[in-house]
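K.L.:
Sequence and predicted model, in that order:
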Amino acid sequence: MDIIISNHSDEPIYAQIENQIKALIMQSKLKAGDALPSMRSLAKDLRISLITTKRAYEELERDGFIVTVAGKGCFVAAKNTQFVREENLKEIEKLLTKAVEIAAMCDISQNELAEILSYIYEEK
């Protein structure tokens with residue numbers, strides 16, 4: 001599992017870890033039942049504090065992405081399809097917000113933007 005930490009990001013390190021693991025799960029690169037590296041091992045590999053990896057794993061567990069089995073470690077949880085849908089909707093909303101911001105800067109109307117979206121959607 002490749003996690004890349006950016007010291008130049010405004011995002012906290014634990015959130016970078018959390019978001020990258022979420023992405024791997026959402027893209028099915030990590031599947032239900034797959035073991036995650038131990039918190040200690042991940043902290044050592046990334047050269048960060050154990051507390052930071054612990055926080056990332058706690059957030060992932062809180063959000064239902066992973067489960068912790070006492071004495072065994074952390075594993076990818078079975079996908080909750082409604083939760084996966086909600087996460088995807090949040091990502092789409094973020095991307096569309098960015099598109100609207102760019103369109104506004106370029107004086108592109110809502111109708112023009114809707115046409116572009118319709119065209120792209122039909123192409124897929």
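P.N.:
Received the coordinates, thanks.
K.L.:
Ignoring the adjacent residues along the chain, who's closest to E59?
P.N.:
Of all residues not flanking E59 in the chain, E18 sits nearest, at 4.9 Å (CB to CB, 6 or more residues apart in numbering). (Each C-beta comes from the backbone N, C-alpha and C, glycine too.)
K.L.:
so what's that neighbour up against?
P.N.:
Residues counted as contacts of E18 (CB atoms under 8 Å, 6 or more residues apart in numbering) are 56, 59-60.
K.L.:
can you pick the most crowded of those?
P.N.:
Counting by other CB atoms under 10 Å, A56 has the largest number of neighbours within the contacts of E18, with 28 neighbours.
K.L.:
Provide the secondary structure category for it.
P.N.:
Of the three states, A56 takes helix according to DSSP: H, G, I helix; E, B strand; the rest coil.
K.L.:
ranges for the helices of this protein?
P.N.:
Chain-ordered helices for the chain, with DSSP state H as the definition, fall at 13-26, 39-46, 50-62, 81-105, 110-123.
K.L.:
and those, which one's lowest on average pLDDT?
P.N.:
Averaging pLDDT over each of those singles out helix 81-105 as the lowest, with a mean of 88.
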